[in-house]
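Student: the following comprises the amino acid sequence and a computationally predicted model.
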Amino acid sequence: VMEFVKGKSLRDKLETGEKCPIKESLDIIRQVCEALEYAHSKRIVHRDIKPENILIDENNKVKVVDFGIARIENNSGKSLTLTDVVMGSPLYMSPEQKSDFKHVDHRADIYSVGVVLYEMISGELPGGLMKLELIPEDIRTIIEKAIAYDPDDRYTSITQMKNDVARYVSSELNISKDQAKLDEIGESAKLRNVMIEVMYPKHIPKIENFDIANFYLPACGVGGNYYDVITVDKKYTGILVGNVFEKSDVRSAVFLAMIRSAFRMAAETEPNPAEVMKKVNNLLSKEKLMDRFAVFSYIVINNETSMLSVCTAGYRPIGILRSNTNLFEYKSTQGLGIGIIEDADFGLYSCEIRNFDIILMSSAGIEETKNLKGERFQKEMLEGKIVELREQKSAEIAEGVKKSLVKFSAGVAQQDDITLFIIKKIS
């Protein structure tokens, strides 16, 4: 039996599809902190903080409910669990709670409160690489502190988090400034989502004798990767990865549409990637379209002979992991970005891909990924993960890389778009 709360849950509020205003979000979080402050003072850890367990009555007073899987901390360090069933909500659970749900302390609740605040402000469900770049900097600092991967890097108490929230709220200027910034970021995110839905491939075609997988993690407001996969003259497959714009706006959307159309027209019957780059470059540079340029790596695979052709126009080299070694070789060619100089030449590299060789195409965003200590996800870490999983299918290799990135960057805003393709020769 519990008190009847006439109102609705925070989940009901979030499911209207509208983001909570900053001031309202922080008032709710302040009250959640106060409720947990009391629980923690009694050595009770909730362990299931999520929007469904936060009720808001008609007077906007918050109630934290469902202590069914709470844990009582005691001086011996042993845990007294109020249920014997492993429970929790994975999207809101701290990393340590996922691995050992019985032996967590109050900092697991702090993590969950940070995740809830992220969802309220960003309008995004948590999970994977959180889009912290959607959050204005001062609020993001609070969230990053709360959701640090290592409990020792989080707030030491829920009171500390509550006090930081109060300090931020005390400045109306901060709130109005960041609300305007949040609204602007939101519009940019909406445009970016439309661009992805309309202009990016909806599925990746199969390549005969090859196993292909990819993932794309856009970083709203700070990146502009584009990729495409097309069938060329029936027996070739072309894969394009590059960078087209810095921020999502109308001009970027128009420029991307031009790039996409020009590339597809040039590549449809041309198996030489250097010639494709030349045609696209001449179209854009002659017209001086919008004073913009793009950088790309483009490969073409001959599905019948397994020959690989490479052209890197001012972008990243292509990695090749041969089946008989643990070392990657990287191939790049001469050539500036697309749309800079008319009649520019682009180099070409070709080689045979043999059974169980792996081709790697990736964006700079992978190595721009940082952790809480400011360290970058090094190229050697990417290579190591691929070597470790080389016997698996391409989809499992790609998923392994993604999980490594998520774990490494937990609690840190994504620095740039992340694009990755794994292409493995299987017969």
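Tutor: Everything's here; your move. Residues are numbered from 1 along each chain as shown.
Student: and Gly374, which of the three is it?
Tutor: coil (DSSP: H, G, I helix; E, B strand; the rest coil).
Student: give me the element the residue nearest to Val250 when sequence neighbours are not counted is part of.
Tutor: In space, and not counting its chain neighbours, Val250 is closest to Leu191: 7.5 Å by Cβ to Cβ, 6 or more residues apart in numbering. Bear in mind the C-beta positions are built from the backbone N, C-alpha and C, glycine included. Taking DSSP states H and E as the definition, Leu191 sits inside helix 172-199.
Student: just checking, what packs against that helix?
Tutor: helix 22-41, helix 137-146, helix 158-169, helix 250-267 (3 or more Cβ pairs under 8 Å, 6 or more residues apart in numbering; DSSP states H and E).
Student: show the subsequent helix or strand relative to that helix.
Tutor: strand 210-217.
Student: coming back round to it: need the helices and strands packed on helix 172-199 in a markdown table (columns: mean neighbour count).
Tutor: As requested, the helices and strands packed on helix 172-199 are exported to a markdown table (neighbours: other Cβ atoms under 10 Å):
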| stretch | mean neighbour count |
| --- | --- |
| helix 22-41 | 19 |
| helix 137-146 | 20 |
| helix 158-169 | 18 |
| helix 250-267 | 18 |
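Student: just the buried positions in the helix or strand Glu399 falls within, please.
Tutor: Taking DSSP H and E as the criterion, Glu399 maps to helix 394-408. Across helix 394-408, burial judged by 16 or more other Cβ atoms under 10 Å covers Ser394, Ile397, Ala398, Glu399, Gly400, Val401, Lys402, Ser404, Leu405, Val406, Phe408.
Student: try stretch 94-101
Tutor: So for stretch 94-101, counting by 16+ other Cβ under 10 Å, buried means Ser94, Pro95, Glu96, Gln97, Phe101.
Student: out of those residues, who's nearest Arg316?
Tutor: Pro95 (30.8 Å; Cβ to Cβ).
Student: hmm, back to that, from the buried residues of stretch 94-101, pick the one nearest Ile230.
Tutor: Pro95 (39.9 Å).
Student: residue contacts, the closest residue to the closest one other than its chain neighbours?
Tutor: Excluding the flanking residues, the one nearest Pro95 by Cβ to Cβ, 6+ apart is Tyr149, at 5.6 Å. Counting by Cβ atoms under 8 Å, 6 or more residues apart in numbering, Tyr149 touches Pro95, Asn371, Leu372, Lys407, Ala410, Gly411.
Student: tell me how far the fifth one lies from Lys385.
Tutor: Right, Ala410. 16 Å (Cβ to Cβ, to the nearest Å).
Student: likewise for the third one?
Tutor: In this structure, Leu372 and Lys385 are 20 Å apart, going by Cβ to Cβ.
Student: which SSE is immediately downstream of the helix or strand bottoming out on mean pLDDT in the chain?
Tutor: Within the chain, judged by mean pLDDT, DSSP states H and E, the helix or strand with the poorest mean is strand 79-81; its value is a mean of 44. Per DSSP H and E, strand 79-81 leads on to helix 95-99 as the next helix or strand towards the C-terminus.
Student: check which element follows that following helix along the chain.
Tutor: Helix 95-99 is succeeded, C-terminally, by helix 107-122 (DSSP H and E).
Student: quick check: angle from that following helix to helix 22-41?
Tutor: 170 degrees (axes from the mean of the first three to the mean of the last three Cα atoms, to 10 degrees).
Student: surely the residue nearest to Pro95 forms part of a helix?
Tutor: No. Membership of Tyr149 in a helix is not supported by three-state DSSP, which gives coil.
Student: quickly note the distance from it to Tyr168.
Tutor: 23 Å.
Student: now for the buried residues of stretch 94-101: which two are most distant?
Tutor: Across these (Cβ to Cβ), the longest gap, 11.4 Å, separates Pro95 and Phe101.
Student: on that earlier part again, between the buried residues of stretch 94-101, which sits nearest Gly114?
Tutor: Using Cβ to Cβ, the buried residues of stretch 94-101 come closest to Gly114 at Ser94, 9.4 Å.
Student: which ones are touching the closest residue to that closest one other than its chain neighbours?
Tutor: Distances taken as Cβ to Cβ, 6+ apart place Tyr111 nearest to Ser94, at 3.8 Å, with adjacent residues excluded. The contact partners of Tyr111, by Cβ under 8 Å, 6+ apart, come to Met93, Ser94, Pro95, Gln97, Ala146, Ile147, Ala148, Pro151, Arg154.
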